Structures are given as C-alpha cells and as structure tokens.
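Enquirer: below is the sequence, then the predicted model.
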Amino acid sequence: MLYTRKGDKGDTSAFGCNQRFSKNSALAEALGNVDEINSLLGICKVKSLGFEFQVLDFKLDEIIEQIQQDLFIIQAALAGADKKITQEKIGYLEQIIDELEKQLSPVKSFFISGGAELSALFDYSRAVSRRAERRVVAYSDSEKGKLAPEILAYLNRLSSLLYALARAANLKSGQKEKFPSYE
C-alpha cells in the first residue's frame, strides 16, 4: 500500500521501525537527505550507462550501485536498525578516490561545475551529499542520535569521491575544467 494516512498529522516512521517521529525532526531531515542523495545517484547511474569509464575493476554504474546499497544501510542505522557501515566500505571509497587521483591533475582551485553532463550531475550530487552529511551530523549531535563514527566517515568520503568523479567525467569526456576568476 502506498499510503496509510498515518502521517497526515505530521509524524512518520522509518521502514521496518515501529517508532514514530515528527517529520520536522533531525532524524527525518537526516533520513530525507540521505534518501535524496541516493535518488540523485540513481540519475547518475542511468546517465553513466554506456559511458566508457572504469576504475580498477569496477564499472562506473557498479560503483554507484554499491554506494546506493551502502546509503540504505546508513538509513537503516539512522532509523535504529542493527545495520553497520564497516571500515571495508569506507576503504572501498578510499581505494576508488586514490585511483582517480592518479588520473587527475592536482587540485589547485575550485572548478566551475559543468562541462560534461555527467560531471555536472556528480558535482550536484557532491553538494547534496555534503548537505546530507551536515543533516546526519546534526542528528548525531542531538540527544537521541549518537551514531557510529563509520557513518560520518563514509559520508565524508562520499562527497570526496563524487568530487573526484565529477572531475574524472570531464576528463574522460574531453572537457577542460574551468576555474573561477574571482574578478
């Protein structure tokens, strides 16, 4: 059933949890923002199909799919389920970032989002990921939200990975990065 009417008065629950909470709570904000980045990554995944892009032994759509799976674990953990982000999952992101950094020029400045469409989508995803991270930190800082440090580390690495993917998508598409002139 797609509707239950249970949330008509401004409260909700997370899938698989019996606890109800306000839609205006720090938990609802954290869950909603992680959901948003997951949905946006779905667009990136679709746009990456047919894009000749591989990091180590992973195709780009496989990397994105793994991240989406991990984001569901994060949402479940936020909602109180006994699910955990492991150091191995953080290491997976770091491994991909490290490999991408070998292919990219050193970062000397911000770059102007754009160039290839996929690059712009990854950069937008990076910004949304940062917002999700801030909302999860806000929830973690609240009384009820003490979270495993691996969740915060994962979200921090995720935005770094999305930044690297945005730059790599431009490189693979033959698009030159443009930098702000600050004039």
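Expert: Received it, and whenever you're ready, just let me know what you need.
Enquirer: okay, CA-based contacts and neighbour counts for the rest of this
Expert: OK.
Enquirer: quick one: contacts for L41?
Expert: For L41, the contact set (CA atoms under 8 Å, 6 or more residues apart in numbering) comprises 64, 68, 125.
Enquirer: go on, A132?
Expert: 30, 33-34, 37, 155.
Enquirer: spatially central, which residue of this protein would that be?
Expert: For the chain, the residue nearest the mean C-alpha position is S129 (4.5 Å; CA atoms, centre = their mean).
Enquirer: you'd agree that residue is up against L158?
Expert: Yes. Counting by CA atoms under 8 Å, S129 touches L158, with 7.2 Å between them.
Enquirer: circling back: ok, the residue nearest to the centre of the chain to Q54 distance?
Expert: Using CA to CA, to the nearest Å, S129 is found at 22 Å from Q54.
Enquirer: again with A138
Expert: Counting by CA to CA, the gap from A138 to Q54 is 35 Å.
Enquirer: just L41 next, same as before
Expert: 17 Å.
Enquirer: how about the strands in the protein?
Expert: For the chain, the strands defined by DSSP state E occupy 11-13, 20-22, 54-55, 58-59.
Enquirer: the third one packs against which elements?
Expert: The helices and strands touching strand 54-55, judged by 3 or more CA pairs under 8 Å, 6 or more residues apart in numbering; DSSP states H and E, are helix 87-103.
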